[in-house]
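Colleague: sequence and predicted structure, then a few things I'm wondering about:
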Amino acid sequence: MELDCTTGGVSAIVNDWYSLVKSRLTPKRFKHVEGVVYTAKLLAKQFGVDENQAMIAAWLHDIYRELDVETLTRLALEVDVTVPTTAPVTWHGPIAAKRLPLDFAVFDQEIQDAIASHTLGHPQMSAVAQVLYVADAIEPGRSYAGVDELRLAAQKSLPYAVACVADSAILFLVKQHLPICWETVEMRNQLWLGIDETN
Ligand SMILES: Nc1ncnc2c1ncn2[C@@H]1O[C@H](COP(=O)(O)OP(=O)(O)O)[C@@H](O)[C@H]1O
């Protein structure tokens, strides 16, 4: 996959994130992040969302994904962050978000919020956060059952795509008999109430 990150004034920033993120993640995870950046850029353009914010959020969303629970807990102690006790796999987002100013000099609140909610979603997500949530689920490297339907949903509207991704995550968790954090459920409930599927 070719990454075209040279538009507008973002190329220098993007190059910085490229090296930093590559140095912190395994090649497999880095490839996933590249896919999310690529997809976030496309979705942002498609839905009139700030591409620069979407791409920076995408570059950094999994920056702490490969840290163990002990390290994440230590990092969390230095910032004011709440994480769900039932799902440590979801901690990397909220903790990275709170540490963005400290660790990466990223002060943009929308980027922080997008990274915080990229795994669980949240009923009050901004359009940047919605773009990241969907891009994470449908980037070209994803190959789980149902992903092509989610890619089609992303051609329809951003709220519709978010609601479909949330339903897919919930179905996956139900099938595995795993606990479901409330944010995803509340978000999909609110979204579906506002979506007219007859259009
Ligand atoms: N509402 C939820 N409650 C609990 N766990 C969730 C919820 N939504 C997603 N997850 C979990 O989050 C994980 C996905 O996290 P993510 O950072 O996207 O990982 P990856 O990129 O490796 O797929 C999945 O294992 C899924 O089980």
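Modeller: Sure, I can see it.

Colleague: alpha carbons only for contacts and neighbour counts from here, please
Modeller: Will do.

Colleague: contact residues of the protein facing the ligand?
Modeller: Selection of the chain residues close to the ligand by C-alpha under 6 Å from any ligand atom yields 87, 89-90, 119-120, 169, 173, 179-181, 184.

Colleague: hey, which helix is longest across the chain?
Modeller: helix 27-47 (DSSP state H).

Colleague: can you give me the strands for the chain?
Modeller: Here the chain has no strands by DSSP state E.

Colleague: which ones are touching the residue nearest the centre of it?
Modeller: Centroid check for the chain by C-alpha atoms, centre = their mean gives His118 as the closest residue, at 3.2 Å. Shown in contact with His118 (C-alpha atoms under 8 Å, 6 or more residues apart in numbering): 61, 93, 129, 132-133, 136.

Colleague: where does pLDDT dip in this protein?
Modeller: Applying pLDDT under 70 to the chain picks out residues 1-15, 199.

Colleague: how about the helices in it?
Modeller: Assigned by DSSP H, the helices in the chain fall at 11-24, 27-47, 51-60, 69-77, 92-104, 109-116, 127-138, 147-153, 158-175, 182-194.

Colleague: as JSON lines, the ones you listed with mean neighbour count would be great.
Modeller: Shown next, in JSON lines, are the helices of the chain (neighbours: other C-alpha atoms under 10 Å):
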{"stretch": "helix 11-24", "mean neighbour count": "14"}
{"stretch": "helix 27-47", "mean neighbour count": "21"}
{"stretch": "helix 51-60", "mean neighbour count": "26"}
{"stretch": "helix 69-77", "mean neighbour count": "14"}
{"stretch": "helix 92-104", "mean neighbour count": "21"}
{"stretch": "helix 109-116", "mean neighbour count": "24"}
{"stretch": "helix 127-138", "mean neighbour count": "27"}
{"stretch": "helix 147-153", "mean neighbour count": "16"}
{"stretch": "helix 158-175", "mean neighbour count": "19"}
{"stretch": "helix 182-194", "mean neighbour count": "16"}
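
Colleague: got CSV for those helices, with distance to Val83 too?
Modeller: CSV is the format used below for the helices of the chain (distance: least, C-alpha to C-alpha, whole Å):
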stretch, distance to Val83
helix 11-24, 22
helix 27-47, 22
helix 51-60, 18
helix 69-77, 9
helix 92-104, 7
helix 109-116, 10
helix 127-138, 18
helix 147-153, 27
helix 158-175, 18
helix 182-194, 12
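
Colleague: dump the residue contacts of the nearest residue to Val128 once chain neighbours are set aside.
Modeller: Leaving aside its sequence neighbours, Val128 sits nearest to Ala54 (C-alpha to C-alpha, 6 or more residues apart in numbering; 5.5 Å). Taking C-alpha under 8 Å, 6+ apart, we find Ala54 in contact with 37, 40-41, 44, 111, 128-129, 131-132.

Colleague: likewise for Gln112?
Modeller: 57, 97-98, 100, 106.
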